[in-house]
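Undergrad: requesting a structural model of the entry that follows:
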Amino acid sequence: QVQLVESGGGMVQAGGSLRLSCAASGGTFASYGMGWFRQAPGNEREFVAAITWRDDITYYSDSVKGRFTISRDNAEDMLYLQMNGLKPGDTAVYYCATRNGFLVRSAASYNHWGQGTQVTVSS
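TA: Sure thing, here's the model as predicted:
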């Protein structure tokens, strides 16, 4: 059973940076496409970024493109999300997930989820 554990969340001021980490265990990490989603109170879970398993092709939502960078270290079974230029609108719980479906930007394509890490950006 795949287990995912996020870390690195916290509280920062607008314009600041955070680096989220996601530690994977219990599966062949290198064979999974991976993604980051976020969910703010009262909102649906929202796609943030994704990376493929074979060619490390990356995808981003329009709201974070140019500010966030997704990366992975298959040797360490780790997924990362570098977040720069944070805005109050980025405040949410951030989740990492493994993808077993076709649609990269759809939460329904992801089958294993971490417990989430809180990111709070103050103005």
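Undergrad: quick one: the strands in this structure, in order.
TA: 3-7, 10-13, 18-25, 33-39, 46-51, 58-60, 68-73, 78-83, 92-99, 110-113, 117-122 (DSSP state E).
Undergrad: any chance of the ones you listed in a markdown table, plus mean pLDDT and mean neighbour count?
TA: C-beta: built from backbone N, CA, C; applies to glycine. Formatted as a markdown table, those follow (pLDDT from 0 to 100; neighbours: other CB atoms under 10 Å):
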| stretch | mean pLDDT | mean neighbour count |
| --- | --- | --- |
| strand 3-7 | 97 | 17 |
| strand 10-13 | 98 | 13 |
| strand 18-25 | 97 | 19 |
| strand 33-39 | 97 | 23 |
| strand 46-51 | 98 | 22 |
| strand 58-60 | 97 | 17 |
| strand 68-73 | 97 | 18 |
| strand 78-83 | 98 | 22 |
| strand 92-99 | 97 | 23 |
| strand 110-113 | 96 | 18 |
| strand 117-122 | 98 | 17 |
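Undergrad: middle-most residue in this protein, spatially?
TA: Centroid-nearest residue in the chain, with CA atoms, centre = their mean: W36, separated by 2.2 Å.
Undergrad: nearest residue to that residue in space, please, no chain neighbours.
TA: Counting by CB to CB, 6 or more residues apart in numbering, W36 lies nearest to V48, which is 4.3 Å off, once chain neighbours are set aside.
Undergrad: and A23, by the same measure?
TA: V5 (4.8 Å).
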